[in-house]
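J.: output the structure for:
(chains A and B)
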Amino acid sequence: MKIILIGGGKTTYFLAKQFAAHGHKLTLINRSPEESQALAHRLNATILLGEGSDPEILEQAGARCADVLLAMTSHDHDNLVACQVAAEKFDMPRTIALVNDPDNEEIFRKLRVSIVFSATRIIASLLEQQTGFIAITQLMALSQGKINVTEIRLPANSPVAGKNLQQIELPQGFLIASIIRQGEVLVPRGPTFLKAGDQLIVIGEAENYQDVLRVLTGD
Amino acid sequence: MYIVIVGCSRLGVLLANRLSHQGHSIVVIDRRESAFNELSPEFSGFKLTGDATELSVLKQAKIDKADCVLSTCHEDTLNLMVTQVSKYIFKVPKVIARVHKPSYESIFSRFEIEIISPTQLALKAFLEALDLKEKAGDTAR
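T.: Residues are numbered from 1 along each chain as shown, chains lettered A, B, ... in the order given. Coordinates of the predicted model:
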């Protein structure tokens, strides 16, 4: 795969190293003369000095025949424009942007960046999951966000703990797809009992999630 | 009109002073608080210190109520992002961006963002000035 990577700092360096080790053909665009030079010595990749959002630099980087562009600078506007230039001007099939402000995640998607991720949001949600502050975690959105696949953790005071699935009335359109108990996956059947601490993989309509949360967690 | 001006550099200051003088409601956004020192004492609008690529800053400027957003920063990519967010997310009816680098112009037009390019304006002015001189020379001969 031919990858164009835009950015600097340790994350970019280690990512570039990994891509190169996996045999991908890599071009890295960096705006600092000193860092570009240092990277050129240490990486098995083509290093270009310049602004990754600049159409001329992208052309030089071989944007016309690249498979994917990854923009991970610390400036959201540079990342957005780099992805847009790649997609609109060079017909890049896939663009990936890092957003620094988590609020920009949705905006970038609306402005046609293929994949958007927020390191802030990922780390915050990992932390919250580990500390058990939130009962529900979004795993996947299907059908343009109408259907959500989520993981719901049953709290100690869950109204359904100790009940079996036949005794629980889930709202219309919801399904418990599997139960994860102490790291083991159980296939839910009518007589299966639920316990506090179980993680349920739930599939259902995004807009009615409040109802299913109330039934399962009491909130 | 309710006008949001992003970037309080020389151009931003001139625009803010002029439009405020004409009686429009103005909000100026800049990252540096010191930038606002250049505004005239008669400027009656609001000054907002913050990064316009942060959604919360734009919301604070009540951008959804704006009739017009003018993005005048030195960075083309910032102007491009702010005007796109204003136009496509907040549905601001009129957005104009300043673009310095000619190579970005086609991307702005791809996203249907109205632009003003100091480089193109200067080029035009230079060429016109040359024409004028040649004509003056012609008549002198």
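J.: would you mind listing what in chain A touches chain B?
T.: With the criterion set to CB under 8 Å from any CB of the partner chain, chain A comes near chain B through A:51, A:53-56, A:75-78, A:80-82, A:84-85, A:88-89, A:101, A:103-104, A:107, A:110-111. Where you see a C-beta, it was placed from the backbone N, CA and C, and this is true even at glycine.
J.: low pLDDT regions in chain B?
T.: B:132-141 (pLDDT under 70).
J.: all strands of it, in order?
T.: B:2-6, B:25-30, B:46-49, B:68-71, B:94-98, B:114-116 (DSSP state E).
J.: ditto for chain A
T.: With DSSP E, the ranges of strands along chain A come out as A:2-6, A:25-30, A:46-49, A:68-71, A:94-99, A:115-118, A:136-142, A:147-153, A:175-181, A:184-186, A:199-205.
J.: just checking: what are the partner strands of the shortest one?
T.: The one in question is strand A:184-186. With DSSP bridges as the test, strand A:184-186 is paired with strand A:175-181 (antiparallel).
J.: and what of the last one?
T.: For strand A:199-205, the paired strands and their directions (DSSP bridges) read strand A:147-153 (antiparallel), strand A:175-181 (antiparallel).
J.: repeat that for the first one.
T.: With DSSP bridges as the test, strand A:2-6 is paired with strand A:25-30 (parallel), strand A:68-71 (parallel).
J.: show me what the first one is in contact with.
T.: Pointing back at strand A:25-30 there. A:1-8, A:12, A:16, A:19-20, A:36, A:39, A:43-52, A:57-58, A:61-62, A:66 (CB atoms under 8 Å, 6 or more residues apart in numbering or on different chains).
J.: thinking again about what came up before, including mean pLDDT, could the strands of chain A go into JSON lines?
T.: What follows is those, written out as JSON lines (pLDDT from 0 to 100):
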{"stretch": "strand A:2-6", "mean pLDDT": "96"}
{"stretch": "strand A:25-30", "mean pLDDT": "96"}
{"stretch": "strand A:46-49", "mean pLDDT": "96"}
{"stretch": "strand A:68-71", "mean pLDDT": "97"}
{"stretch": "strand A:94-99", "mean pLDDT": "94"}
{"stretch": "strand A:115-118", "mean pLDDT": "90"}
{"stretch": "strand A:136-142", "mean pLDDT": "79"}
{"stretch": "strand A:147-153", "mean pLDDT": "88"}
{"stretch": "strand A:175-181", "mean pLDDT": "92"}
{"stretch": "strand A:184-186", "mean pLDDT": "91"}
{"stretch": "strand A:199-205", "mean pLDDT": "91"}
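J.: from these, which stretch is densest packed?
T.: Greatest average neighbour count among those goes to strand A:68-71 (a mean of 26), per mean count of other CB atoms under 10 Å in any protein chain shown.
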